[in-house]
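Trainee: the sequence and its predicted three-dimensional model are supplied below.
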2 protein chains.
Amino acid sequence: MRQSQMFIPTLKEVPADAESASHQLLLRGGFIRQNAAGVYSYLPLGYKVIKKIEAIVREEMDRAGAQELLMPAMQPAELWHESGRWDVYGPELMRLKDRHGRFFALGATGEELITSLVRDTLNTYKKLPVTLYQIQTKYRDEKRPRFGLLRGREFIMKDAYSFHANAESLDEAYWAIFHAYCRIFDRCGLKYRAVLADSGAMGGKDTHEFQALAEIGEDTIAYSDSSDFAANLEMAEVMDQGKERAEDSLPLEKKAGRVSTDDSDWVKAEWFKARSETVLVFLRAGDEVNDVKVKNVLGTDMIEPLDPEQKPDAFHPEKGVRVLADNGIKGLTRGVLYSEKEDVTYIQIDPERDLNIENFFDLRFIKEGDPSPDGKGTIKFAKGIEIGQVFKLGTKYSETMNALFLDSEGKNQPLIMGCYGIGISRTLSAICEQYHDEDGLIWPKSLAPFAIHLITVNPKNEEQLSLSDKLYHDLQDKGFDVLWDDRKERPGVKFADSELIGCPVQVIVGKKAADHIVEVADRREKERVETGTDRLEQAITELLNGRN
Amino acid sequence: MRQSQMFIPTLKEVPADAESASHQLLLRGGFIRQNAAGVYSYLPLGYKVIKKIEAIVREEMDRAGAQELLMPAMQPAELWHESGRWDVYGPELMRLKDRHGRFFALGATGEELITSLVRDTLNTYKKLPVTLYQIQTKYRDEKRPRFGLLRGREFIMKDAYSFHANAESLDEAYWAIFHAYCRIFDRCGLKYRAVLADSGAMGGKDTHEFQALAEIGEDTIAYSDSSDFAANLEMAEVMDQGKERAEDSLPLEKKAGRVSTDDSDWVKAEWFKARSETVLVFLRAGDEVNDVKVKNVLGTDMIEPLDPEQKPDAFHPEKGVRVLADNGIKGLTRGVLYSEKEDVTYIQIDPERDLNIENFFDLRFIKEGDPSPDGKGTIKFAKGIEIGQVFKLGTKYSETMNALFLDSEGKNQPLIMGCYGIGISRTLSAICEQYHDEDGLIWPKSLAPFAIHLITVNPKNEEQLSLSDKLYHDLQDKGFDVLWDDRKERPGVKFADSELIGCPVQVIVGKKAADHIVEVADRREKERVETGTDRLEQAITELLNGRN
């Protein structure tokens, strides 16, 4: 495409409210424009990239056996009443009333609609399993839209839903899509981790989030430096290192006040309220209690810290108080604990002897430097942007919405479901976070709007213009996607725009055009290399082959 | 794709509220499902066809030099206030309020949004012309959604907008897109007419509608049986046949009462009120006054029939009444007119002598059998479904929304605009109206969800199954898109579904499978022809080549 004819409104200034690199550079490079808070247009350059991501998603979803459909954004409120989410979804769900006074939700997600679509149809085990997906515009009225496309109010999502007669079939689809997601993000050139996540309020079982690594990410991921292991902070298991007692126990001692000691064996006590029970958790002073793990041990769905004034004496808990301990203090013989109540420091604590512990569990958050729970390598932390999620929904929606099938024994059963999402516009942002420098974007070749940026330094020069014109057509004939900057602008403007736009390879036609010599550069480096036009195709191919 | 794994919920019954063939057959064939009045899901088969239409639209729009972008459906109300349409668009415009109380329109059309997008950017003649398009979901809250996708409330549209520095440039883009539309609808296999239409309330100048011919169409088109001429009924010129006087005039005579005569030279008078003027129009009794033409002659934007009680005497109009006549009574010498006021019949009227006529004009609606205004052939009528429109907007939006550019003399001018729409989901319906029989759809090959429907009559038979499996893979390897009915259903069910789905070619693997003999049929005809599998590819190719 000739740049003189293409709509690429680059900006010189960094927009004031753009906080993240992706937001700034997508705006400055003329890829997107804001129409309202959290609402964007994809301009021709940006939409080219979106379509490339979508094509990859389609290919891999189809390969995983999923079938594409397109559901409407207008979802009758009745369906949301059936699932019970109309009242609980809150102000993020956009709602509207039609001219006859009937309410609709603007689709934030599609479980209700797809369940209503299949419930009269997938009515026998013979028609199962089926996986359906769509690439569609979704709506969520975020309170504080941020970071451009990362947290928008109108955004593009690939959502998929699978339907099964049994758990094994769901498991098969779950992992098929898990691996399709890995291929999708690999092909997009993303650095990401598939992390174990908390199924929490959604009421399902297994779930993984796909997190693109990026400094501005809002989630913290724990991952191994030597294996595939990765988990959300709250989900990461801590390996029970099952320490042997290093030394014999000594008699428990008490010292007045808070004793200052370098000893690393300080223990702390944390108190919680779980429904009617009071819970005391002992762990190492440097560790932090992970609520989710405590909840799982107690088999409850809610705990909260105990009011400080109600905190009883850790050393002499009343009857009925449940006393749990983290694996980290197992085998300790020189424990140190300060009791606020008594204003004394206990030393030489042997927890198993002295602390009335019911049992030891994994109750703390993982930390950087911990051994990886899979036994391979050491834990590191990273920030992540959630770009995808796979989720075993189970029968949550099929039960409430009465989506039943006849099993092989002729009995009615609720459909077993999975759901699977990829944020298409979020993925675009995540790629930009990973692929840029201070001058602009640097596209991976699988997604670049154009592979080659052909720049004519001075198009008023006849030799430069005619050589550029020839190269423009030759390179396209050879199958390269070429953006030709044929504009009558100053070279400085053209080079700055080229850095902003970020095509992988730049071909610069300048003063040596008469000698059929041009310059070639990889956008990542600033170095230009002269080459004769007879060697140009080879030079470009080498540059493209040497990068992702 | 194996049909046993594909989500194709065909229906045996005709849905009660489906009035048109396209609506019935798209539902029955498992192409679409209704989610609410005028709101549909495109199921996998239907979405395959939609994507094929979209691909054709993209190719031809790109070829015409247009660039694709994607704007949001959420359009800030402020923009609609700027253009003045927030208040005048009426209840068809869906509106919603976000959590902060700000109003948005759900895009029914995109003039406001695109004008706001380019107004700070296309600010010099040097950046013009530009044509931008998108394929996007649109919303119109139709009072009475009808005919399935034909008049829906959420639908897919391709809308395009062009921006120009002068009228010649707009004209060039207008015709480039006009011809792109012809190629698009040709490639879709549609029988259609590009008709001159009334630019009416939209305030522009030239406009053509693309009308797919179909019995259920809501618009009437006048077209020539021997040329390309076609126009909306209200726009079709009537050729001035400039009749010579056949006979000499005779003296005007009066007869009491309404004389019964077979004479075809009956004349009638119609009275209108146009602002402050009273207008009298004479025309042949068998013709009908075309308001649009009268308005154009008067240079007014509104006329209405005169209150019957106010109608004065046609033969003796008061002073100041404007008396116009249709060309059709030019040259008449034996006119007959009944005057209600006097209850007499005038005979032997010579209009030019007797009727105080100011001038003769083309003032009537065209009729079937009239000569075509381009001088070629005879006029016929057809019903049409509007599937596309091209429109010279002019400066309507750029003026109200202050979208200016600097012209070559350094002066600020409003951008000159065109807009161009194609109803993607409407086009799908129109194709179905033209391509079906009583048993189901019959897809043109350019849009068929699959080219070949391979039907295994009895998949429990080992020879049928293994031959089908081989053909399924062989045909796909040869580049054919194959739907394989491998289901364990009764043959009657399978054939009925195959007719409903309507792939162009059916390949039936039945009893002669052991002898490597199958049957091949064109979906249009019911005749099956036996062929050896060694000749199958040739037989299929011949069938496909012989149809559109």
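Mentor: Sure, I can see it.

Trainee: which residues touch the residue of the stretch 101-250 of chain A found nearest chain B?
Mentor: Closest contact between the stretch 101-250 of chain A and chain B, by C-beta to the nearest C-beta, is at A:T121 (4.2 Å). (Each C-beta comes from the backbone N, C-alpha and C, glycine too.) Residues in contact with A:T121 (C-beta atoms under 8 Å, 6 or more residues apart in numbering or on different chains) are A:127, B:7, B:9.

Trainee: swap in A:D228?
Mentor: A:A194.

Trainee: is the residue in the stretch 301-450 of chain A that chain B sits nearest to in a helix, a strand, or coil?
Mentor: Residue nearest to chain B within the stretch 301-450 of chain A: A:S425 (10.1 Å; C-beta to the nearest C-beta). Here A:S425 is recorded as helix under DSSP: H, G, I helix; E, B strand; the rest coil.

Trainee: thought it was touching A:R151?
Mentor: No: counting by C-beta atoms under 8 Å, A:S425 does not reach A:R151; the two are 10.2 Å apart.

Trainee: which of those two has more neighbours?
Mentor: Comparing A:S425 with A:R151 by other C-beta atoms under 10 Å in any protein chain shown, the one with more neighbours is A:S425, at 23 against 19.

Trainee: enumerate every residue touching the more buried one.
Mentor: A:40, A:50, A:149, A:152, A:155-157.

Trainee: got it, and A:L252?
Mentor: A:346-350, A:353-354.

Trainee: could you rerun that using 6 Å?
Mentor: A:348, A:354 (C-beta atoms under 6 Å, 6 or more residues apart in numbering or on different chains).

Trainee: mind jotting down where the strands sit in the stretch 401-548 of chain A?
Mentor: A:404-406, A:412-414, A:416-423, A:436-437, A:440-441, A:452-456, A:482-485, A:505-509, A:517-522, A:528-532 (DSSP state E, counting those that start in this stretch).

Trainee: nearest to A:S398, of these?
Mentor: Ranking the strands of the stretch 401-548 of chain A by proximity to A:S398 (C-beta to C-beta) places strand A:412-414 first, at 3.9 Å.

Trainee: mind listing the strands the closest one pairs with, and their directions?
Mentor: Partner strands for strand A:412-414, per DSSP bridges, with pairing direction: strand A:404-406 (antiparallel).

Trainee: circling back: check the gap between the residue of the stretch 301-450 of chain A closest to chain B and A:I50 for me.
Mentor: 7 Å (C-beta to C-beta, to the nearest Å).

Trainee: now swap in A:L332 and tell me
Mentor: From A:L332 to A:I50 the distance is 56 Å (C-beta to C-beta).

Trainee: now do A:I501
Mentor: Counting by C-beta to C-beta, the gap from A:I501 to A:I50 is 15 Å.

Trainee: in terms of neighbours, single out the busier of the two.
Mentor: Higher neighbour count among A:I501 and A:I50: A:I501, with 27 against 23, using other C-beta under 10 Å.

Trainee: once you drop chain neighbours, what's closest to A:F178?
Mentor: Distance criterion C-beta to C-beta, 6 or more residues apart in numbering or on different chains; nearest residue to A:F178, sequence neighbours excluded, is A:V390 at 5.3 Å.

Trainee: surely the one you found meets A:H208?
Mentor: Yes: taking contacts as C-beta atoms under 6 Å, A:V390 lies within contact range of A:H208: 5.3 Å.

Trainee: more crowded one of those two?
Mentor: Legend: neighbour count by other C-beta under 10 Å for A:V390 and A:H208, higher for A:V390 (26 against 23).

Trainee: beta-bridge partners for the more buried one, please?
Mentor: Under the criterion used (DSSP bridges), A:V390 bridges to A:H208, A:Y420.

Trainee: ok, now which ones touch it?
Mentor: So A:V390 contacts A:174, A:177-178, A:208, A:420 (C-beta under 6 Å, 6+ apart).

Trainee: just those: which has the poorest pLDDT?
Mentor: Of all the contacts of A:V390, A:H208 carries the smallest pLDDT score, 94.
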